[in-house]
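Chemist: Kindly return the folded structure for what I paste below:
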Amino acid sequence: MIAVLKSGVSELQKNSLIKWLEGQGVGIHLSEGQYQTIIGLIGDTSRIDIDLLNGLEIIDHVTRISDPFKCANRRFHPKDTIVEIGSGENAVKIGGGHFAIIAGPCSVESEQQIIGIAQDVKASGATLLRGGAFKPRTSPYDFQGLRGEGLDLLRRAREATGLPIVTEIMSASHLDMFEDVDLIQVGARNMQNFELLKELGKINKPILLKRGLSSTLKEWLMSAEYIMSEGNENIILCERGIRSYDPYTRNVLDLAAIPMVKELSHLPIIVDPSHATGKRSLVESMSMAATAAGADGLIIEVHNDPEHALCDGAQSLTPAQFSNVSAKVSEIRKLF
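Modeler: Coordinates of the predicted model:
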């Protein structure tokens, strides 16, 4: 349920209403814009008399929201959320018209590798560095990442280039190790790891939430709701393809999810064309398509020697190929 206040309502009137609503046992999500203030009611609103609320002098109108996601709902928060990653002169904004490209290897392999790639992608327009330190793999015999050492190498790459770092967390028990990671990624396999999501909701750090392997948009937004319900609203959604029966690509990139999510939610959404297709040859076209569809950014895998990469070499671009994609994406952006 949302209650839209009339213009000119005083702080005292607004706060008195909020206090009364909280006394009815509901949570409050306040969205204050330049021309409109919306009070979102979260929880069991069945005890709230909608006619009584509508009759209050300070209320413009009241609407019940049937969607199960509330904090992530655009009707609760009409204005686009802008998430800021990093600090100082290297801080990056995503959402609300701010576009960013995240680039780097699937896995951190060595200091020379990650710093070299970081320097290359920065020169080509990337503003954040990705790199996996903890790698969830389908096979227990595949490379699982350098773990803590990988995080240390990412920090060194950040020191060398200034790029904020993005890397995936696997367990809430690792949170202390991620204290100075700029953007924490929740991978597709952990999208519904609700205990992890709740813990991430208790920290004041941006979260990149990837869509699950076969998840609906509602399920995806409900996972964001788990984080937001604990207090952390700094969430970026990432469409990374969903499973289908067709074996020609790794996944199917759901481009329609971009405008649909923007209708449903105020959260920024970026696209991962690398995992969505699994093929290097398709990354360029899908990057351009995602940009044209209104994505707030891209996350692209780049490796200096894809044929010998320890993970996902087939979908990784070389630095030269990434430079070409970045330039074409910039041209697409100029059209909007």
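Chemist: can I assume Val283 is in contact with His275?
Modeler: No: using Cβ atoms under 8 Å, Val283 is not in contact with His275, being 10.1 Å away. From N, CA and C alone the C-beta is placed, and that goes for glycine too.
Chemist: Between the two, which has more neighbouring residues?
Modeler: Using other Cβ atoms under 10 Å, the more surrounded residue of Val283 and His275 is Val283, with 25 against 22.
Chemist: and the more buried one, that's in a helix?
Modeler: Yes: under DSSP: H, G, I helix; E, B strand; the rest coil, Val283 sits within a helix.
Chemist: can you tell me which residues contact it?
Modeler: 273-274, 277, 300, 315, 317, 321, 325 (Cβ atoms under 8 Å, 6 or more residues apart in numbering).
Chemist: now swap in Lys279 and tell me
Modeler: Lys279 neighbours (Cβ under 8 Å, 6+ apart): 249-250, 314-315.
Chemist: circling back to that earlier point, need the overlap of contacts for Val283 and His275.
Modeler: Gln315.
Chemist: Now do the same contact list for the residue positioned nearest the centre of the chain.
Modeler: Nearest to the mean C-alpha position of the chain, by Cα atoms, centre = their mean, lies Ile236 at 1.8 Å. By Cβ under 8 Å, 6+ apart, the contact set of Ile236 is 83, 94-95, 183, 206-209, 267-270, 296-297.
Chemist: cutoff 6 Å now
Modeler: 83, 94, 208, 268 (Cβ atoms under 6 Å, 6 or more residues apart in numbering).
Chemist: Mind giving me the packing neighbours of the host helix or strand of the second one?
Modeler: Secondary structure from DSSP states H and E places Ile94 in strand 92-94. Using 3 or more Cβ pairs under 6 Å, 6 or more residues apart in numbering; DSSP states H and E as the contact test, the elements touching strand 92-94 are strand 83-85.
Chemist: Apply 8 Å and report the result again.
Modeler: strand 83-85, strand 100-104 (3 or more Cβ pairs under 8 Å, 6 or more residues apart in numbering; DSSP states H and E).
Chemist: Any idea how far apart the tips of stretch 20-35 sit?
Modeler: Taking Cα to Cα, to the nearest Å, the first and last residues of stretch 20-35 lie 24 Å apart.
Chemist: Touching, Ala257 and Thr216? I think so.
Modeler: No: using Cβ under 8 Å, Ala257 makes no contact with Thr216, being 10.0 Å away.
Chemist: Under a three-state scheme, what state does the residue nearest to the centre of the chain occupy?
Modeler: Strictly by three-state DSSP, Ile236 counts as strand.
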